[in-house]
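Undergrad: Structure here, sequence nowhere to be found:
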């Protein structure tokens, strides 16, 4: 019974949501005169083409880091919308530091990773302190800090600060080979990022932290019921600060697989939007390490295979509709299933009570 | 008789310490203009109070103001609306689509309708399904962006040959208030202290207006009247303050929340339409909103969830933005001087009231800002562009204890489950 219950409450909602979103997109495609099955077939066959499969894996690793960063906050009902700014600023500063120092091979890469995590945590410290000391909602402060981070990055990559002009693009100084992390080359298939190991390790670490440590228990307790946690001796302020710093530190690593495995410099055209992707995947995977892994792969598949849609004349933006509607429908699906389970539970208990009352009445007569 | 006296006394003592209600906005405007005049006279940055800057400020303020009003309607009904940005994006598409075919009035309507659809979706998710408001808002922003890009490449691409741009949307004709406009610009040209500054700022408000500006500014008192002076408004606000109590008095809380959130989306969509119809814009452009939905939210918080404060907040943000665009970093640099003056005045006022800690903090902040002013020649344009966000952070840090959001904004509410 518990196994079936688990399937209903854990697996059913995301499956329903993905199907619903796919149906929505299919309708949109039919209305605009395209064949949804052709579109899907093209997207699936695209995985076989060129470097798409490796691109999917690489992107999934990056998205997974972003989702972990979001999930750490979500566990405590903290909405760190600021992953976006934290990871971009951290990648930028890490690239500047990495390009400026000369260190022996492994040490250089480790130093860059540390700088990334520290900058991410430092940027997250602002909303953390504002929330803990001044009661400012972390949602608003992190949104504002995302914008400020964009300004700060534009300032730092300016040619009269740390930037250099390469072609038409402003960039930081390239990181020397000693600071790069070699990947797993697959010939024509592309190269898998070496830092994919980091994603896996942090996923395991996240699971261990939540399920096997006192801190993880406190974190979840504070999220479930702040009053109960406080009664149990958990310092709410301290938890807010630690959770946001941790979230920011993980966020600081999000940009590094691409930085150390492919780009070797931070440019003004470096990718953006991973923070919001992370929020979406954390919601889709319900903060569960395995669920978020599936979510990351789905998201990366949608992103990378969409390029093939242009070949059959379907606007590839249909994928954005798919992603947006998945997020919204998955949270709705969880709520519907929760209500259904609640009603079923009430019926079950009521039935048991009736049966017991009936038995007692029989015994009395 | 005693009952009347008992009621009258707290009101009277309150009035003794505080200013009458009409005096506060007047005071804000007078102090603001005085500070700008002094700064202009001392730093010789005449762009600070030129009519061109004021005009740019009004135009840049408008989308922020409309988005902020959208946030106000929603949050007053108890629903936090982070999805304003997405609704605004939907509004830009709707406005461009309707506008390039049927003209500017249709564009306003198109933006309104598309924004309202986004609002409806947010209402379904947050009210009917009690989804977390932040989650739904983030999802709607993602979805709004996706739908807009898809529709743009489907509908605009064949006409404009560019998936990121709409065909040209005809704008409104501009008009100036006759008589007043000419007189004011003549006065501005004389460059007299204070008088010309006032004339410049006023000039921006009366020259080259568009119906969008008039509608946007008229919506502020209208919102105040509907929300604070009608039965409907009282009920809507009661849903944001204490939905369980409202429910017990027979208010259909779900319906009021729906109305508030749909109007919120419509206003955000109108903000998108204002962007599309802005003089100098061709029409829809991908990434056009540039986070203005979030700045609108910031303006609302700055204004303490009140229409007047919201207007002041969006005017401030629009002004800094307009100044930065027209006159660049040196003019924004002069604003640091204004900020110093403001901090000193605030410090002296606090000291006069014997509030020693705030006074010290304000004077210290003034000293720091003046040090920055003295140390640099110009504010890097990268930071000048993000002044609204920085101001919001400072306001939140300094005054978050004194802000009063609707009591249950952002909380789940289920009918019949109150305690």
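TA: Everything's here; your move. Nothing here was measured: the structure is a model prediction, and the numbers come from that model.
Undergrad: When you work out contacts or count neighbours from here on, use the C-alpha atoms and nothing else.
TA: Noted.
Undergrad: Residue of the stretch 151-300 of chain A closest to chain B, please.
TA: In the stretch 151-300 of chain A, the residue that lies nearest chain B is residue A:151 (4.9 Å; Cα to the nearest Cα).
Undergrad: roughly how far apart are that residue and residue B:384?
TA: Look at residue A:151 and residue B:384: by Cα to Cα, to the nearest Å, they are 9 Å apart.
Undergrad: More neighbours: those two, which one.
TA: Applying other Cα atoms under 10 Å in any protein chain shown to residue A:151 and residue B:384 shows that residue B:384 carries more neighbours, namely 23 against 20.
Undergrad: Tell me the residues of the stretch 101-250 of chain B that contact chain A?
TA: Residues of the stretch 101-250 of chain B that fall close to chain A, judged by Cα under 8 Å from any Cα of the partner chain: B:125, B:129-131, B:134, B:136, B:138-140, B:142-147, B:149-150, B:153-154.
Undergrad: Those in helices, which ones?
TA: Counting by DSSP state H, these place B:134, B:136, B:138-140, B:142-147, B:149-150 in helices.
Undergrad: Relative to residue A:116, which of those is nearest.
TA: residue B:138 (25.7 Å; Cα to Cα).
Undergrad: sorry, back to before: report the spatially nearest residue to the residue of the stretch 151-300 of chain A closest to chain B, omitting neighbours in sequence.
TA: residue B:382 (4.9 Å; Cα to Cα, 6 or more residues apart in numbering or on different chains).
Undergrad: quick one: the one you found from residue A:109, how far?
TA: 30 Å.
Undergrad: more neighbours, those two?
TA: Comparing residue B:382 with residue A:109 by other Cα under 10 Å, the one with more neighbours is residue A:109, at 22 against 18.
Undergrad: Run through the neighbouring helices and strands of the helix or strand encompassing the more buried one.
TA: Element membership for residue A:109, per DSSP states H and E: helix A:105-134. For helix A:105-134, the elements it packs on are helix A:83-100, helix A:138-156, helix A:236-253, judged by 3 or more Cα pairs under 8 Å, 6 or more residues apart in numbering or on different chains; DSSP states H and E.
Undergrad: and the ones you listed, which is most packed in?
TA: Highest mean neighbour count among the helices and strands packed on helix A:105-134 (mean count of other Cα atoms under 10 Å in any protein chain shown): helix A:83-100, with a mean of 28.
Undergrad: angle of that one against helix A:105-134?
TA: Helix A:83-100 and helix A:105-134 are oriented at 140 degrees to each other (axes from the mean of the first three to the mean of the last three Cα atoms, to 10 degrees).
Undergrad: Next, the contact list for residue A:162, please.
TA: A:96, A:156, A:172, A:173 (Cα atoms under 8 Å, 6 or more residues apart in numbering or on different chains).
Undergrad: ok, the first one touching residue A:173?
TA: Same thing as residue A:96. Yes: using Cα atoms under 8 Å, residue A:96 makes contact with residue A:173 at a distance of 6.6 Å.
Undergrad: Are there residues contacting both of those two? Which ones?
TA: Shared contacts of residue A:96 and residue A:173 (Cα under 8 Å, 6+ apart): A:162, A:265.
Undergrad: just to revisit the earlier point, quick check: the residue nearest to residue A:151 touching residue A:149?
TA: No: Residue B:382 is beyond contact range of residue A:149, at 10.1 Å (criterion: Cα under 8 Å).
Undergrad: and the stretch 151-300 of chain A, which residues reach chain B?
TA: So the stretch 151-300 of chain A meets chain B at A:151, A:152, A:154, A:155, A:276, A:280 (Cα under 8 Å from any Cα).
Undergrad: May I see these arranged in TSV, with pLDDT as well?
TA: Listed next are these as TSV, based on pLDDT from 0 to 100:
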residue	pLDDT
A:151	91
A:152	92
A:154	90
A:155	90
A:276	91
A:280	92
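Undergrad: Would you point out the most distant pair within the residues you listed?
TA: A:155 and A:280, at 29.5 Å, using Cα to Cα across these.
Undergrad: Quick one: residues contacting the spatially most central residue of chain A.
TA: What sits nearest the mean C-alpha location of chain A, by Cα atoms, centre = their mean, is residue A:67, with 1.7 Å. Applying Cα under 8 Å, 6+ apart to residue A:67 gives the contacts A:277, A:278, A:279, A:280, A:281, A:282, A:287, A:292.
Undergrad: Show me which of the residues you listed are buried.
TA: Buried subset of the contacts of residue A:67 (neighbour count, 16 or more other Cα atoms under 10 Å in any protein chain shown): A:277, A:278, A:279, A:280, A:281, A:282, A:287, A:292.
Undergrad: could you dump the residues you listed to CSV with secondary structure?
TA: Formatted as CSV, those follow (DSSP: H, G, I helix; E, B strand; the rest coil):
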residue, secondary structure
A:277, helix
A:278, helix
A:279, helix
A:280, helix
A:281, helix
A:282, helix
A:287, coil
A:292, helix
